[in-house]
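**Student:** what's the 3D shape of this:
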Amino acid sequence: MKKKLQSSTSRTSRRAFLASSAAGAAFTIMPRHVLGGPGDKPPSEKLNIAGIGLGGRGSGLLRSLRGENIVALCDVDEGRLASMGKKWPQARKHRDFRRMLDTQKDIDAVVVATPDHLHFVASMWAIKNGRHVYCEKPLTHTVAEARALSIAARESKVATQMGNQGNAAEGVRRIQEWLEAGALGAVREVHCWTNKPVWPQGINRPADSPPVPAGLDWDLWLGPAPKRPYHPSYLPFVWRGWWDFGSCSLGDMGCHVLNTPWRALKLGAPATVEAYSNGCTAETGPLTSMVYYEFPARGELPPVKLTWYDGGMMPPRPEGLEDFYRLGDNEGCLFIGDKARMICTCYGGSPRILPVERMQAFKDAPKSIPRSPGHMEEWLAGCRGGPKPGSHFEHSAVLAEVVQLGNVAIRSAADQKRTGYPVKLIWDAKAGEVTNLTDANRYLGSKPRDGWNV
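**Tutor:** Numbers count the residues shown, from 1 in each chain. Model prediction:
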């Protein structure tokens, strides 16, 4: 493939026009009233978008982009590709995104909604071809990939966005404003949880090898992952539990749930990570886990201990929570401050300060943080030359790294159980390595199969 970061001359000219339109150009090629209702865009203002991965999440993302031009569809499943082709008959159909990005020159931007193990190579291939990228969480499959993608995004100047939609939500902003107003006092402890996994984990590789279903290109589905025989235990959906393909419970929900405290408290990279789990195997994630992160002080903000729970594990019920009130359903966060506590849902929604008297006495806080027009809208504006989206890769890659470091600790702890007592990993964020257990560093990255280097 071409390694240069600049796109073709025609695409550069088109991008310049889109940017000038976003900046308030004084003309359009055709009056809007000729083309449709007041919300319609003339064809000259629409982005040409390609979808990579057309399953439930991918098809949903494309539906949210129906105001743009969907010019290319890519999926390894022939039946799915044909079905989506009926919805967008004008789009060219592809099985291999590498070939699509190298040959179809009219693409301005791509939406990546593949399994986790393909996120990095699809996003990087697009960036190196000069395309804007929206990639679903957890952005990358490894810490090393997160770092490489962040650098590429910064150097390329394309618009990027990770799909943790809650980052655009009102709740995340209100919580940050409340904390900055001193509603809880200094926060030194946070608890976050999910009910995942809701797919099989704690299992080993199946021994049988049934035939590959008609229409599925199994080799392309494997992509950079080590070669293995097809089995329905791997897809669809259940790939999340396999280390070679997914990122398990923490990877599936961490970029959603952890985002609220990570953003509101400006946590950055952790200093240490420690994990305890039940049922983790070399092939799949655990049945349950608890991951302990320690974040250093940030300016005047004190150090924070953050605990992650999954598989039904939960933090202790906080003091001041009424007997009739559930601590949390599927996902949530609990902040422990010097003066009060606060619980909220996954995206920072329904925040409640405890005890209730503290909530009643709190006089709210001014809305000091800019509001978002919407997560996808941020990215589209960025593609047109507007400001960087809120979860652009230089920012969201650090959160993805936090999530994947938790998985490094889970896998390392499982190894240590066989040889000794699990240890707390000391993380050198600048060097990008675990300093006290060198064996853990083997989980920071992975070697792709031939043909999948980028």
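**Student:** can you give me the helices in the stretch 101-250 of the chain?
**Tutor:** Applying DSSP state H, counting those that start in this stretch to the stretch 101-250 of the chain gives helices spanning 119-128, 143-156, 170-180, 218-222, 248-257.
**Student:** Surely A168 and I369 touch.
**Tutor:** No - assessed by CB atoms under 8 Å, A168 is found out of contact with I369, at 11.7 Å. Where you see a C-beta, it was placed from the backbone N, CA and C, and this is true even at glycine.
**Student:** residue ranges with poor pLDDT in the protein?
**Tutor:** Low-confidence segments of the chain (pLDDT under 70): 1-44.
**Student:** 80 instead, please
**Tutor:** Along the chain, segments meeting pLDDT under 80 span 1-44, 328-329, 418-422.
**Student:** hey, which helix is longest across it?
**Tutor:** In the chain, with assignment by DSSP state H, the single longest helix is helix 393-419.
**Student:** Just after that helix, pick out the following helix or strand.
**Tutor:** strand 425-428 (DSSP states H and E).
**Student:** following that next one, which helix or strand comes up?
**Tutor:** With DSSP H and E, the next secondary element past strand 425-428 is strand 433-434.
**Student:** can you map out the strands along the stretch 151-300 of the chain?
**Tutor:** Using DSSP state E, counting those that start in this stretch, the strands assigned to the stretch 151-300 of the chain run over residues 160-163, 187-194, 272-278, 288-295.
**Student:** Tabulate the helices of the stretch 101-250 of the chain in TSV, adding columns for distance to P206 and mean neighbour count.
**Tutor:** Shown next, in TSV, are the helices of the stretch 101-250 of the chain (distance: least, CB to CB, whole Å; neighbours: other CB atoms under 10 Å):
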stretch	distance to P206	mean neighbour count
helix 119-128	25	25
helix 143-156	27	21
helix 170-180	41	20
helix 218-222	14	18
helix 248-257	18	27
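**Student:** how's the protein carved up into domains?
**Tutor:** 9-166+377-395, 168-226+240-370+400-443 (automatic domain parsing).
**Student:** And the shortest one, how far out from the chain middle?
**Tutor:** Mean C-alpha position of domain 9-166+377-395 versus that of the full chain (CA atoms, centre = their mean, to the nearest Å) differs by 16 Å.
**Student:** now do the same end-to-end measure for stretch 248-265.
**Tutor:** End-to-end distance for stretch 248-265: 25 Å, by CA to CA, to the nearest Å.
**Student:** whoops, I mixed them up, stretch 229-243
**Tutor:** Termini of stretch 229-243 sit 16 Å apart (CA to CA).
**Student:** Buried by neighbour count: which residues of that stretch qualify?
**Tutor:** Applying a neighbour-count criterion of 16 or more other CB atoms under 10 Å, one finds Y230, S233, Y234, L235, V238, W239, R240, G241, W242, W243 buried in stretch 229-243.
**Student:** now those residues in TSV, with distance to A400?
**Tutor:** Listed next are the buried residues of stretch 229-243 as TSV, based on distance: CB to CB, whole Å:
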residue	distance to A400
Y230	28
S233	26
Y234	23
L235	22
V238	22
W239	18
R240	15
G241	19
W242	18
W243	16
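**Student:** so D75 sits right up against A82, yeah?
**Tutor:** No - in this structure, D75 is not within contact of A82 by CB under 8 Å, at 9.5 Å.
**Student:** between the two, which one's more packed in?
**Tutor:** Per other CB atoms under 10 Å, whichever of D75 and A82 has more neighbours is D75, with 29 against 13.
**Student:** Enumerate every residue touching that one.
**Tutor:** Each residue near D75 by CB atoms under 8 Å, 6 or more residues apart in numbering is listed here: I52, G53, L54, G55, G58, L81, M84, R95.
**Student:** What subset of those residues is buried?
**Tutor:** Neighbour-count burial (16+ other CB under 10 Å) is assigned, among these, to I52, G53, L54, G55, G58, L81, M84.
**Student:** Sort out for me which of those residues are in strands.
**Tutor:** I52 (DSSP state E).
**Student:** Which ones among the buried ones among the contacts of D75 lie within helices?
**Tutor:** Using DSSP H, the buried ones among the contacts of D75 in helices are G58, L81, M84.
**Student:** Sketch out the helices for the stretch 251-400 of the chain, chain order is fine.
**Tutor:** 259-264, 356-361, 375-383, 393-419.
**Student:** returning to that earlier point: specify which member of the contacts of D75 is nearest to I151.
**Tutor:** I52 (21.3 Å; CB to CB).
**Student:** my guess is that closest one contacts T114, does it?
**Tutor:** Yes - the criterion here is CB under 8 Å, and I52 meets it with T114 at 6.1 Å.
**Student:** List the residues that are in contact with both of the two.
**Tutor:** G58, A122.
**Student:** contacting residues for the residue most central in space within the chain?
**Tutor:** Residue closest to the mean C-alpha point of the chain, counted by CA atoms, centre = their mean, is K137 at 1.8 Å. By CB under 8 Å, 6+ apart, the contact set of K137 is M162, G163, N164, G251, D252, C255, H256, A400.
**Student:** on that earlier part again, tabulate the domains of the chain in a markdown table, adding columns for distance to N453.
**Tutor:** Shown next, in a markdown table, are those (distance: least, CB to CB, whole Å):
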| stretch | distance to N453 |
| --- | --- |
| domain 9-166+377-395 | 8 |
| domain 168-226+240-370+400-443 | 8 |
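**Student:** among those domains, which is nearest W452?
**Tutor:** That would be domain 168-226+240-370+400-443 among the domains of the chain, by CB to CB, at 3.7 Å.
**Student:** so how far is the closest one from its chain's centroid?
**Tutor:** With CA atoms, centre = their mean, you get 13 Å for domain 168-226+240-370+400-443.
**Student:** swap in stretch 391-398?
**Tutor:** Relative to its chain's centre, stretch 391-398 lies at 9 Å (CA atoms, centre = their mean).
**Student:** same check, this time on stretch 446-454
**Tutor:** 21 Å.
**Student:** Residues touching that stretch, excluding its own?
**Tutor:** 1, 120-121, 124-125, 128, 141-142, 144, 222-227.
**Student:** Between those residues, which sits nearest D329?
**Tutor:** Taking CB to CB as the measure, D329 lies nearest H141 of those, at 28.3 Å.
**Student:** That closest one contacts V121, correct?
**Tutor:** No - using CB under 8 Å, H141 makes no contact with V121, being 9.4 Å away.
**Student:** how close does I175 sit to V454?
**Tutor:** For I175, the distance to V454 equals 37 Å [CB to CB, to the nearest Å].
**Student:** Now P211. Its backbone dihedrals?
**Tutor:** Main-chain torsions, P211, degrees, to the nearest 10: phi -70, psi 150.
**Student:** contacting residues around it?
**Tutor:** Contacts of P211 (CB under 8 Å, 6+ apart): Y230.
**Student:** same check, this time on L380
**Tutor:** Taking CB under 8 Å, 6+ apart, we find L380 in contact with L47, L65, E68.
**Student:** Using TSV, please lay out the contacts of K137 together with distance to L380.
**Tutor:** Formatted as TSV, the contacts of K137 follow (distance: CB to CB, whole Å):
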residue	distance to L380
M162	15
G163	14
N164	17
G251	26
D252	26
C255	20
H256	21
A400	22
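**Student:** from the residues you listed, which single one is nearest P355?
**Tutor:** Among those, and counting by CB to CB, the member closest to P355 is H256, at 27.7 Å.
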